[in-house]
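Asks: pasting the structure only:
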């Protein structure tokens, strides 16, 4: 089993080849990956069954087991996802903003691959394929290090992709997979200075914090979402209740789900009982400030201070009554994670002020935070959702897996 | 003296105000800074004289003393530089790529400030002003931590800017200055997780390496330049010699100066003596491979392996004879720092292959590497030159001091 550094060096060598590989060759390789997924469904399912059995024996929760489990439908979903990526426009090679300088130099910014992308992720084996094909399409090699729960499935998927690439004439090392799932291998990834151009952690808050704190390579922080819905005094309360219901209950485990509702005092008495009646359909647990409890009654738990800083990922909702827009945006500035924030209002100026003041990857007027997603935003696919400000913010698609280089055409110019 | 964390918190509060400050108010404050620089020339020179005297007593080299010294002309240069930044278009607020999605959501990317920018820099006091005004123009607060050699000059300049901002109605804390020049304060800057949106080191290789290795905040790596000139067999040798002379000798201390010339074997005998005769005018010391020495004679030193990995910053040039384009680009891949690389050739395909294969911030055909610079590239001004791939690459101007947020206009949409 090669060590992490050797794998990274192999992947870098492959990245040099990929950087000068055209769109047709990359798309042909991606279609070969899709074909292989379909052709080798039985082998993938067999390896996945071992992971699931081991996970069950180790006492994984049902929800984790569900994320780990592959089915024929899920494998077909992966294959068709690969074909969708193959069909996207190639981001590489475009030159932006080319200018002729007074001295005759022609200077432009050419879109190029990042180089070698590292990914540390957790239980879902489909990430192995989704992330690798996005990296490939953008001309990058990828170094994958998944979780131990999915090790057999991930190994099978990575090897399948490597064989498909080689058969299509691209270097197999464009996809390198770390079989060691110990903490050592994650630490080794974080210390590949000069080898990894970027490291993306995908998973729970603990993993992400550890990578951000310890990595000595450039990192894109992803995913933690403490998202708010602010129900303004000028809100359409029916629309507000429907959006809150959608944002909280349509899929509580994901990062763009709402964790907290802020309600303007003038409408709190009218809004809260209506919203609670709706969310009761999904047995959402409320944790409220004293005013919330005064309105909704003693069945609502009192919110502890940490409830306003928690990504519940569950049918739990924090609630606070605020004086209005400025108290709402101040609460979001203090407690939000910079992911997705929404205001519900009929008032033009309130809407504009909310857009101006809230510092987050995605700021919504009168819509559910659940739309923060590469496909919903029209990017075609995503490798994660950045909650940092550098390089990428919000859903990261192909464009965010690239960089630029300046290309300069001269005729002998020297600098005075 | 407030500690670094307190300063950062103050600066963040100012950043929230700046983020919603319009272009007119920012430009008025910048003009006030320029006025103050001109009005308080005598006070600045007096503080600078103390720094220079202390530096002389401490045995600083003449070249460091020169970088440290302010003169009336240099202060006027700073003031007119501030006015140039004030005159640049404001990068903030523009919305790119707004699309109407099938569900009616209107989604666009609004250009917004990064927030709080940290800067650790060394001896030149003009960086205090240049960096602060670029950050301000882009709507950011800045936390400055300069070197001990310039502490009195920097303190005077920072306080002057703070007063000018306050007088113009902006928060003084938009510019915060760390008076502690110990290693502790630099370490504290590197650990401002959640407070600094980006940390930019500007200075020598040691400083930059230390920040890249130790920072727990997002970093933009700048400046180290091991730049090559590749003289192809199809080069116009006269043009090649003039470009090499310019790239090596016009200002050897800067990062876009050439450190190494690679010469295609078929033209080595014709090119090397001609180039050496030209560079002899500036007493450039050559360090060559055995073939170089066979051609130029024994007065040329033998290059040690580390000479090909060194940013000399001086009148020293490494030289290697290569078989052609592919050996040249392989040498650059191995020894370059990803800054600026040039090919000199009359051959169309060689030029295109060099542009394709060389992975650097700026890749030149038939021009001097010395042009890698914000003003030369038409950015108006620069805060540094990024040699990393994430977020910014090459000269960083106002645009690179910003990020985006997605703004989404809905009408009650919920996700299915």
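Replies: Looks like it arrived, so ask away. Note that the coordinates shown come from a computational prediction; the quantities given were computed from them, not determined experimentally.
Asks: Can you name the residues that contact residue A:35?
Replies: Shown here is residue A:35, whose contacts under the criterion Cβ atoms under 8 Å, 6 or more residues apart in numbering or on different chains are A:79, A:164. In short, each C-beta sits where N, CA and C put it, glycine included.
Asks: Okay, domains of chain A per the record?
Replies: In the assignment given by automatic domain parsing, the structural domains of chain A cover A:4-221+A:388-409, A:227-371.
Asks: Pipe the ones you listed into CSV and attach mean pLDDT per row.
Replies: Conversion of the domains of chain A to CSV gives the following (pLDDT from 0 to 100):
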stretch, mean pLDDT
domain A:4-221+A:388-409, 95
domain A:227-371, 96
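Asks: Can you add distance to residue B:84 and give these back as JSON lines?
Replies: As requested, those are arranged in JSON lines below (distance: least, Cβ to Cβ, whole Å):
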{"stretch": "domain A:4-221+A:388-409", "distance to residue B:84": "16"}
{"stretch": "domain A:227-371", "distance to residue B:84": "28"}
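Asks: Please work out how many residues are found near residue A:298.
Replies: Burial of residue A:298, expressed as a neighbour count using other Cβ atoms under 10 Å in any protein chain shown, amounts to 8.
Asks: Can you list phi and psi of residue A:368 for me?
Replies: phi -80, psi 140 (degrees, to the nearest 10).
Asks: Next up, the contacts around it.
Replies: Under the criterion of Cβ under 8 Å, 6+ apart, the contact partners of residue A:368 comprise A:243, A:246-247, A:250, A:342, B:410, B:413-415.
Asks: same deal with residue A:239?
Replies: A:344, A:366, B:412.
Asks: near chain B, which residues of the stretch 1-150 of chain A?
Replies: Applying the criterion Cβ under 8 Å from any Cβ of the partner chain, the portion of the stretch 1-150 of chain A that neighbours chain B consists of A:16, A:19-20, A:99, A:101, A:105, A:107, A:110, A:112, A:114-115.
Asks: ChimeraX command to pick out the buried ones of these?
Replies: To isolate the buried ones among the residues of the stretch 1-150 of chain A next to chain B in ChimeraX, judged by 16 or more other Cβ atoms under 10 Å in any protein chain shown, type:
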select /A:16,19,105,107,110,112,114,115
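Asks: Compile the residues of the stretch 1-150 of chain A next to chain B into TSV and extend it with columns for secondary structure.
Replies: As requested, the residues of the stretch 1-150 of chain A next to chain B are exported to TSV (DSSP: H, G, I helix; E, B strand; the rest coil):
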residue	secondary structure
A:16	helix
A:19	helix
A:20	coil
A:99	strand
A:101	coil
A:105	coil
A:107	strand
A:110	strand
A:112	strand
A:114	coil
A:115	coil
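Asks: Can you pick out the most distant pair from the residues of the stretch 1-150 of chain A next to chain B?
Replies: Based on Cβ to Cβ, the longest span within the residues of the stretch 1-150 of chain A next to chain B runs between A:16 and A:101 and measures 30.3 Å.
Asks: quick one: the residue in the stretch 151-300 of chain A positioned nearest to chain B and residue B:413, what's the gap?
Replies: Among the residues of the stretch 151-300 of chain A, residue A:246 lies closest to chain B, at 3.6 Å counting by Cβ to the nearest Cβ. Computed with Cβ to Cβ, to the nearest Å, the distance linking residue A:246 and residue B:413 is 9 Å.
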